[in-house]
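**Student:** Generate a structure from the sequence data that follows.
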Amino acid sequence: MGPLPTILCRFTTAILVLFVLAPRAHAKDDVRSQEEIWVLPLPMFALSSLNPPPVKAIITFAAGRGGRVGGKPNNNYAPDKLVEAIADFGSTSRVPMLWIYIENDTFFGPELSKPMRDAFTAAGGKAEYHLMPPFGHEGHFFIGSPDAIPIWSPLVTKFLDAQK
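**Tutor:** Next comes the predicted model:
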């Protein structure tokens, strides 16, 4: 991706997150919009690459794009392209990020999330990576389970406290 398409992609993604989804996610009667903010993990990497002044930290759970193509576990659409895109975002991202992945996630397991982390941080991005032990039958849905809250909340609290 050349410089202009990359900038346009980041700008468009940031506009989508900041001005379309984020305000809607706060609407009390719009449950669907609250879900939309969670299902757009790749834009969080793009947003971090813009370093918007009001954003002090970003937290992602099982973030990525193209997982389970054709419904097959651990079958990402283009893992090399995903790692390349994450590295590109990391080259300008300076917003501290907390990345939480789960060992038995068949969308973005450790064989993909670790190279993503390595590429992002090697390019200059700030990522605190945590690989959680297996959770339930499918770790990708960890964030949606009330049983997971006591597991991830201490990590989030510690991370946010460190950003003060």
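**Student:** which residues sit in contact with the closest residue to residue 163 other than its chain neighbours?
**Tutor:** Excluding its sequence neighbours, the residue lying closest to residue 163 (C-beta to C-beta, 6 or more residues apart in numbering) is residue 57, at 4.6 Å. Bear in mind the C-beta positions are built from the backbone N, C-alpha and C, glycine included. Contacts here follow C-beta atoms under 8 Å, 6 or more residues apart in numbering; on that basis residue 57 touches 95, 96, 97, 98, 159, 160, 163.
**Student:** Most neighbours of all these, which one?
**Tutor:** Among the contacts of residue 57, residue 97 has the most neighbours (other C-beta atoms under 10 Å), with 24 neighbours.
**Student:** backbone phi and psi for that one, please?
**Tutor:** phi -120, psi 140 (degrees, to the nearest 10).
**Student:** from what I can see it touches residue 55, true?
**Tutor:** No: in this structure residue 97 lies outside contact range of residue 55 using C-beta atoms under 8 Å: 10.3 Å.
**Student:** Touching both of the two, which residues are there?
**Tutor:** residue 48.
**Student:** what's stretch 124-135 in contact with?
**Tutor:** So stretch 124-135 is contacted by 48-49, 89-104, 110, 113-114, 117, 120-121, 139, 142, 145, 148, 151-152, 155, 159 (C-beta under 8 Å, 6+ apart).
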